[in-house]
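[1] give me the fold of what follows.
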Amino acid sequence: MNKFPFTPEGVQAKQKELSTLTLEERLKIAEYVASNPVEFISESFEMSDEQLLYLKEVELVDIRVTGFSLAIGFLGQIPVEMQDTTPPSAFAARGKKKKELSTNVSTTTNPQTGATTVTGSVGIKWTW
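    Okay, the predicted model is just below:
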């Protein structure tokens, strides 16, 4: 797996990379992301030391919800947006970052074929 910049474009590139995997491979990745979101994010994206420190200090409930949301997005192949909107100079202020998470996912199963379609989006934004 490649490591991408932690930008909206980098997240899209990572998602494109994951979309080429088989369903079985995507299931394994989704399980890993849900269980280890900090590791997945830090292994998948180029981040500053400050960003990595912040990521490792996110409260357990918040990081688990983030992991489950990312797993849904990657498994269902729906758009995932993830970004840090904090300017680098703002890290010196060391205020409390806020995390915004929006998840809008729905599934539809065709009763005749049994095929399931996943639609929606996952958005995660860190900001001061």
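
[2] now do the buried residues in stretch 26-44.
    By 16 or more other Cβ atoms under 10 Å, the buried positions in stretch 26-44 come out as 26, 29-30, 32-34, 37, 40-42, 44. Where you see a C-beta, it was placed from the backbone N, CA and C, and this is true even at glycine.

[3] elements contacting the helix or strand harbouring Ile29?
    Following DSSP states H and E, the helix or strand that holds Ile29 is helix 23-35. For helix 23-35, the packing partners by 3 or more Cβ pairs under 8 Å, 6 or more residues apart in numbering; DSSP states H and E come out as helix 37-44, helix 60-76.

[4] can you check what angle separates the helix or strand containing Glu9 from helix 60-76?
    Following DSSP H and E, one finds Glu9 within helix 8-19. With axes from the mean of the first three to the mean of the last three Cα atoms, to 10 degrees applied, the angle from helix 8-19 to helix 60-76 works out at 60 degrees.

[5] pLDDT averaged over helix 8-19 - what is it?
    Helix 8-19 carries an average pLDDT of 92.

[6] Val80 versus the residue most central in space within the chain, what's the distance?
    With distances taken as Cα atoms, centre = their mean, Leu70 lies nearest the centre of the chain, 3.9 Å away. Using Cβ to Cβ, to the nearest Å, Leu70 is found at 6 Å from Val80.

[7] what do the two both touch?
    Counting by Cβ atoms under 8 Å, 6 or more residues apart in numbering, the common neighbours of Leu70 and Val80 are 122, 124.

[8] where's Val118, which helix or strand?
    Going by DSSP H and E, Val118 is in strand 116-127.

[9] so which residues make contact with that strand?
    For strand 116-127, contacts defined as Cβ under 8 Å, 6+ apart pick out 54, 66, 69-70, 72-73, 75-86, 97-110.

[10] what angle separates it from helix 8-19?
    Using the same axes, to 10 degrees: strand 116-127 against helix 8-19 is 150 degrees.

[11] sheet partners, orientation included, of strand 116-127?
    Here strand 116-127 has these sheet partners by DSSP bridges: strand 80-84 (parallel), strand 98-109 (antiparallel).
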